[in-house]
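S.K.: Coordinates only, no sequence provided:
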Ligand SMILES: [Mg+2]
């Protein structure tokens, strides 16, 4: 596949409802959409990075810089034979996983269109129908949280995840269990606690949570291993798993019993699949997290969830969960928490160039 042209578009879409985690509150999502042209086809990818370096060190500005000044020059006008060749070409850049992921997605999309195959089949996905969970941010009050959870349960979501932070944790979980009984429930701390907070985790351990996600430091594996020994509830790692090597270390140390795979965080879909396969072999279930992706990133995640070891409902939910308008048509809509993966070539949904243009703040076209 000869790469003839690559475009970057910084796209900004307002959220229907603010989303708050232990990092803070966001009102709109800004991501970079990649368009890659080759052999008469156009592949689309998405770097679903945040605008500030809170979740990861990458931001819109670092992704733009690394893509424009390093990754695009490494790929443009090259004849890229297969995904292994692609990975070698981008390996001259250390880290910058969200930047790589957007370009890698566009390359996968191009290859799938060229072969006339759906992506999930190229990735050896076995599951045709996937289930959706929902991630509920920190609200202004427990009453607000309970009413939002009720709404999502009514919509059919298969699992509720609530974001926690110090001061918004045990009381909140107690109230949710009291109101909704034994629903599939988990919490995500986004690294907001330290080992000194053991009493919080011992209290949470009594509520039969499916898992506690990323309780401790974003780069830690050893404190998590110590904490996991003390808890019945499985620990799920998100931020700490930056790629295949940290996944191997986490499994060796016993730092977690579940891994949340986000393609942008781990360096793309090729790496995501490698981590999936490693965990599958070790009987550690994985599930697909989310970065409030627009439809393109969301569609890739849908395809990824078809792999057999994605054993919990992911954070991959309907476009309408977050946005009034998405940049693909039709938008991704789960019905009663389930979605059947389309069998069309590519990722099963059509990107809408008019909507990308409508929400685009700036663009870069290579060659200039
Ligand atoms: Mg998380």
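M.R.: Arrived safely, thanks for sending. Owing to the predicted nature of the structure, the values given are computational and were not obtained by experimental measurement.
S.K.: my guess is residue 112 is in a helix, correct?
M.R.: Yes. Using DSSP: H, G, I helix; E, B strand; the rest coil, the assignment for residue 112 is a helix.
S.K.: For it, which residues are in contact?
M.R.: Residue 112 makes contact with 43, 118-119, 122, 345-347, according to C-beta atoms under 8 Å, 6 or more residues apart in numbering. From N, CA and C alone the C-beta is placed, and that goes for glycine too.
S.K.: By proximity to the ion, which residue of this protein wins?
M.R.: residue 238 (3.7 Å; C-beta to the ion).
S.K.: Tell me how many other residues surround that residue.
M.R.: Look at residue 238: counted by other C-beta atoms under 10 Å, it has 21 neighbours.
S.K.: what does residue 304 give?
M.R.: 25.
S.K.: and stretch 352-368, how far from the chain's centre?
M.R.: Between the centre of stretch 352-368 and the centre of its chain there are 23 Å (C-alpha atoms, centre = their mean, to the nearest Å).
S.K.: An error on my part: the question was meant for stretch 100-116.
M.R.: 17 Å.
S.K.: near the ion, which residues of the stretch 151-300 of the chain show up?
M.R.: Listed as neighbours of the ion in the stretch 151-300 of the chain under the rule C-beta under 5 Å from the ion: 188, 213, 238.
S.K.: confidence score at the last one?
M.R.: Each residue has a pLDDT score; the one for residue 238 is 97.
S.K.: Looks like it contacts residue 186 (just checking).
M.R.: No. Look at residue 238 against residue 186 with C-beta atoms under 8 Å: they stay out of range, at 11.5 Å.
S.K.: Find residues that contact each of these two.
M.R.: Residues touching both residue 238 and residue 186 (C-beta under 8 Å, 6+ apart) are residue 213.
S.K.: Please enumerate the strands of the stretch 151-300 of the chain.
M.R.: Taking DSSP state E, counting those that start in this stretch, the strands of the stretch 151-300 of the chain run over residues 160-163, 185-188, 212-213, 235-237, 258-261, 286-288.
S.K.: Any buried residues in the last one, and which?
M.R.: Read it as strand 286-288. 286-288 (16 or more other C-beta atoms under 10 Å).
S.K.: now do the first one
M.R.: Within strand 160-163, the residues that count as buried by 16+ other C-beta under 10 Å are 160-163.
S.K.: How about the secondary structure of the nearest residue to residue 179 once chain neighbours are set aside?
M.R.: Once flanking residues are discounted, residue 179 sits nearest to residue 146: 5.3 Å by C-beta to C-beta, 6 or more residues apart in numbering. At residue 146 the chain is in helix, as set by three-state DSSP.
S.K.: again with residue 27
M.R.: Residue 27 ends up strand, using three-state DSSP.
S.K.: which stretch of helix or strand covers the residue nearest to it when sequence neighbours are not counted?
M.R.: Once flanking residues are discounted, residue 27 sits nearest to residue 18: 5.3 Å by C-beta to C-beta, 6+ apart. Using DSSP states H and E, residue 18 maps to strand 5-21.
S.K.: ok, how many other residues are close to the residue lying closest to residue 14 once chain neighbours are set aside?
M.R.: Spatial nearest neighbour of residue 14, excluding adjacent residues (C-beta to C-beta, 6+ apart): residue 28 at 4.5 Å. Counted with other C-beta under 10 Å, the neighbours of residue 28 add up to 14.
S.K.: didn't residue 28 look like it was pressed against residue 16?
M.R.: No. Checked against C-beta under 8 Å, the pair residue 28 and residue 16 is beyond contact range at 10.4 Å.
S.K.: does residue 9 really touch residue 32, like I thought?
M.R.: Yes. Using C-beta under 8 Å, residue 9 is in contact with residue 32, at 6.9 Å.
S.K.: quick one: the helices in the stretch 251-368 of the chain?
M.R.: Using DSSP state H, counting those that start in this stretch, the helices of the stretch 251-368 of the chain run over 263-266, 269-281, 295-304, 319-322, 353-359.
S.K.: Including mean pLDDT, could these go into a markdown table?
M.R.: Shown next, in a markdown table, are the helices of the stretch 251-368 of the chain (pLDDT from 0 to 100):
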| stretch | mean pLDDT |
| --- | --- |
| helix 263-266 | 98 |
| helix 269-281 | 98 |
| helix 295-304 | 97 |
| helix 319-322 | 90 |
| helix 353-359 | 97 |
